[in-house]
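Peer 1: Task: produce atomic coordinates for the following.
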Amino acid sequence: MLNMKDIMETITMIQDDHLDIRTITMGISLLDCCDTDIDKSCEKVYEKICRLAGNLVQTGEEIEKKYGIPIVNKRVSVTPISMLTAVSGGDPVKYAHALDRAAKKIGVNFIGGYTALVQKGFAAGDRELIESIPRALAETDFVCSSVNVGSTKAGINMDAVKLMGNVVKEASQLTSDRQCIGAAKLVVFCNAPEDNPFMAGAFHGVGEPDCVINVGVSGPGVVRAALAKMPKDAPLSEVADLIKKTAFKITRMGQLVGSEASAKLGVPFGIIDLSLAPTPAVGDSVAHILEEIGLEQCGTHGTTAALAMLNDAVKKGGVMASSNVGGLSGAFIPVSEDAGMIDAAEAGTLTLEKLEAMTAVCSVGLDMIVLPGDTPADTISAIIADEAAIGMVNSKTTAVRVIPAIGHEAGEVLDFGGLLGTGPIMKINRKSSSVMIQRGGRIPAPMQSLKN
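Peer 2: So this is what the prediction gives:
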């Protein structure tokens, strides 16, 4: 039975606290689109995406109108394209153009899956796809790319890490006339999940069904508003409990939208990713939640502990509201997409080193961080290696999405617009990691991998 208090509370969350469904993402398997002729394979890819996702945007809009719930993004993720390249050979960028063409036809915001999974080494098609990523991102508008370079089971493929430093740098260089947007559509993972609905890292894993709907919810403003009403001397156990209860309410909305979209599209409901994903809008910031907990500014001492509590409470509250929890689920800390993170970075309170510590306890990793344009590729590789090591040892997902701001220095700003926000260019350690990165090879899997 509907409770009027619950209805009014939800309306307030949407109107005043920026509660939204951040994305409904349709995952589509392209394994049946493989062909030894790359042009035929590309046409199969285009046809299948348009056939299965043709009504995705319309369905999302209908659900928005029916329930008054904002659904910010409608997206598609596909099977890692390196697998199709392994069969067809040829220039992988042809697949990027097919994906982009399909995205424009069906009207989605992004399409993810220009991806290679190389945590243990390069299979057929992997290296070709990775080397083509900068060109693919420069020549398309909606395609997103990801590469998984490590896992707890496999260790870290340092040959891939070395390669990705150059790829990230080149992706920025080829789009330097567009705020280096190419690198903003590229993420490097350790322990990448197969059902993540968030970009730029979404791809449709080989263990997933032929087609599925995954939902990403978001409500940092709701959590912050709830905490603002608490007494400042309330113990942290009560703070954690309030976050859990709030996450439960947020996730219920995601469950409703996922179930409705699944029924309308005739596609199985996959998972809810109950991550707190911020936006540049004032009042929709994870950093402001941490400050509401009791920090003068995000990045000061105590930030990692506050974020760990927040991440854990979000998971505990959200998992009780849905039987289909997956993806990343927790708290995101993308610098350029979070008004509080931007302020803290510009003030010098939030540094790259502190962000790295925070990634040990949050959902993902170093996300949407703008680096000086002259940052060496080896340094970018070393940043990736550090994050992959945190993920590998802690059996969690970590990722790196950094943007070298070609032609710009620390202290300047890149403005991406929209959800990607504004990125203050952060200082980096200028000492070289080149000798280590040039060694290549593999960092072996840790003892934690031996669980069988």
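
Peer 1: rest of the way, CA atoms for contacts and neighbours
Peer 2: Will do.

Peer 1: Assign Leu419 to helix, strand or coil.
Peer 2: Three-state assignment for Leu419 (DSSP: H, G, I helix; E, B strand; the rest coil): helix.

Peer 1: what residues are up against the nearest residue to it once chain neighbours are set aside?
Peer 2: What sits nearest to Leu419 in space, not counting adjacent residues and going by Cα to Cα, 6 or more residues apart in numbering, is Thr279, at 5.8 Å. Thr279 makes contact with Ser285, Glu337, Asp338, Ala339, Leu419, Leu420, Gly421 under the criterion Cα atoms under 8 Å, 6 or more residues apart in numbering.

Peer 1: Now for those residues: which two are most distant?
Peer 2: Farthest pair in the contacts of Thr279 (Cα to Cα) is Ser285 and Leu420. Separation: 13.2 Å.

Peer 1: out of the two, which sits in the more crowded spot?
Peer 2: Ser285 (31 against 20; other Cα atoms under 10 Å).

Peer 1: you'd agree that one is up against Val335?
Peer 2: No - if you go by Cα atoms under 8 Å, Ser285 and Val335 don't touch, sitting 10.2 Å apart.

Peer 1: list the residues that contact both of the two?
Peer 2: Taking Cα under 8 Å, 6+ apart as the criterion, Ser285 and Val335 both touch Met341.

Peer 1: secondary structure class for Ile156?
Peer 2: strand.

Peer 1: Check the burial of the nearest residue to it once chain neighbours are set aside by counting its neighbours.
Peer 2: Leaving aside its sequence neighbours, Ile156 sits nearest to Gly150 (Cα to Cα, 6+ apart; 4.1 Å). A count of neighbours around Gly150, defined by other Cα under 10 Å, yields 35.

Peer 1: about what we covered before: mind telling me what element the residue nearest to Leu419 is part of?
Peer 2: Assigned by DSSP states H and E, Thr279 belongs to no helix or strand.

Peer 1: how much space between it and Val314?
Peer 2: 18 Å (Cα to Cα, to the nearest Å).

Peer 1: now do Val223
Peer 2: According to Cα to Cα, Val223 stands 10 Å off from Val314.

Peer 1: Please enumerate the shared neighbours of those two.
Peer 2: Ile243, Ala247.

Peer 1: got a list of what the residue nearest to Ala102 when sequence neighbours are not counted touches?
Peer 2: Using Cα to Cα, 6+ apart and skipping residues adjacent in sequence, the residue nearest Ala102 is Tyr46, 5.4 Å away. Tyr46 makes contact with Ala98, Leu99, Arg101, Ala102, according to Cα under 8 Å, 6+ apart.

Peer 1: Do I have it right that the last one meets Cys50?
Peer 2: Just to be clear, that refers to Ala102. Yes - Ala102 is in contact with Cys50 according to Cα under 8 Å; the separation is 6.1 Å.

Peer 1: Would you mind telling me which of these two has the busier surroundings?
Peer 2: Per other Cα under 10 Å, whichever of Ala102 and Cys50 has more neighbours is Ala102, with 25 against 20.

Peer 1: That one sits in which helix or strand?
Peer 2: Using DSSP H and E, Ala102 sits within helix 93-106.

Peer 1: What subset of the contacts of Thr279 is buried?
Peer 2: Ser285, Glu337, Asp338, Ala339, Leu420, Gly421 (16 or more other Cα atoms under 10 Å).

Peer 1: The fifth one is in contact with Ala339, isn't it?
Peer 2: No - counting by Cα under 8 Å, no contact exists between Leu420 and Ala339, whose distance comes to 11.0 Å.

Peer 1: who touches both of the two?
Peer 2: Thr279, Pro280.

Peer 1: May I see the buried residues of stretch 268-275?
Peer 2: Pro268, Phe269, Gly270, Ile271, Ile272, Asp273, Leu274, Ser275.

Peer 1: before we move on, what about stretch 290-306?
Peer 2: 290-295, 297-300, 303-304, 306.

Peer 1: export those residues to a markdown table and tack on secondary structure, pLDDT and distance to Cys144?
Peer 2: Formatted as a markdown table, the buried residues of stretch 290-306 follow (DSSP: H, G, I helix; E, B strand; the rest coil; pLDDT from 0 to 100; distance: Cα to Cα, whole Å):
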| residue | secondary structure | pLDDT | distance to Cys144 |
| --- | --- | --- | --- |
| Leu290 | helix | 95 | 30 |
| Glu291 | helix | 95 | 32 |
| Glu292 | helix | 94 | 34 |
| Ile293 | helix | 95 | 35 |
| Gly294 | coil | 94 | 37 |
| Leu295 | coil | 95 | 35 |
| Gln297 | coil | 96 | 32 |
| Cys298 | coil | 95 | 29 |
| Gly299 | coil | 95 | 29 |
| Thr300 | coil | 96 | 33 |
| Thr303 | helix | 96 | 31 |
| Thr304 | helix | 96 | 29 |
| Ala306 | helix | 96 | 31 |
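
Peer 1: Most widely separated two among those?
Peer 2: Glu292 and Thr304 (14.3 Å).

Peer 1: would you list every one of the strands in the chain?
Peer 2: With DSSP state E as the criterion, the chain has strands at 20-28, 71-78, 110-117, 143-151, 155-157, 186-190, 211-218, 269-273, 366-372, 398-405, 413-415, 422-424, 442-443.

Peer 1: Paired strands for the fifth one, with orientation please.
Peer 2: Paired neighbours of strand 155-157 in the sheet (DSSP bridges): strand 143-151 (antiparallel), strand 442-443 (antiparallel).

Peer 1: Disregarding flanking residues, what is the spatial nearest neighbour of Ala445?
Peer 2: Nearest one to Ala445, counting by Cα to Cα, 6+ apart, is Gly155 at 3.7 Å.

Peer 1: How many neighbouring residues does that neighbour have?
Peer 2: With neighbours defined by other Cα under 10 Å, the count for Gly155 comes to 24.

Peer 1: before we move on, what about Asn55?
Peer 2: Asn55 - counted by other Cα under 10 Å - has 15 other residues nearby.
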